[in-house]
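Chemist: What shape does this take:
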Amino acid sequence: MNKAILIGRLTADPELSTTNSGVDVCRFTLAINRPFKNQNGETQADFLNIVVWRAAAANCHRFLRKGNQCAVVGRIETRSYEGNDGNRRYVTEIVADNVEFLGKANASDGDDFGEPAPQQRPAKPATKKPAIDTLEPIEEDDLPF
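Modeler: Predicted coordinates:
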């Protein structure tokens, strides 16, 4: 089984490109904090390359920005190519099957996906309910159960 489930923050704005056959592909890097601290008490992170295809790629490019948090479900793939120097290079990426937009770095500017914040409505005045002065006992025959 090859399944990766990740939650992290984008390190830069996603990059959208189109293949020669017209298929959209979006690439971005997720910074994912490790669940422990190192010997110096610092939190470390892993930086994983994410690849998203087709309609999901266009949506990621449209709605995600640097600092946004997202969840990615996909698979780990390794590919290789020959570099300009003639050496074989290997790349490991997460190919996303599903990307969920979770939020952004500073949500006070609007909602989590680039829409302006709605205008605040004035608070409704609190309605006062009368206080209960005394409690009356209930007979067992009056109970509904």
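
Chemist: What's the separation between the residue nearest to residue 37 when sequence neighbours are not counted and residue 32?
Modeler: Take residue 37 and drop its neighbours on the chain: the residue closest to it by C-beta to C-beta, 6 or more residues apart in numbering is residue 43, 5.6 Å away. Quick note: C-beta positions are derived from backbone N, CA and C, even for glycine. For residue 43, the distance to residue 32 (C-beta to C-beta, to the nearest Å) stands at 11 Å.

Chemist: thought residue 12 was touching residue 29?
Modeler: Yes: in this structure, residue 12 is within contact of residue 29 by C-beta atoms under 8 Å, at 6.6 Å.

Chemist: Pick out whichever of the two has more residues nearby.
Modeler: residue 29 (17 against 11; other C-beta atoms under 10 Å).

Chemist: re earlier: who has more neighbours, residue 43 and residue 32?
Modeler: Each of residue 43 and residue 32 has its neighbours counted (other C-beta under 10 Å); residue 32 has more, 15 against 10.

Chemist: Tell me where the chain has helices.
Modeler: Remark: helices assigned in the chain by DSSP state H are 54-63.

Chemist: tell me, how many neighbours does residue 36 end up with?
Modeler: Counted by other C-beta under 10 Å, the residues lying close to residue 36 total 7.

Chemist: contacting residues around it?
Modeler: Under the criterion of C-beta atoms under 8 Å, 6 or more residues apart in numbering, residue 36 has no contact partners.
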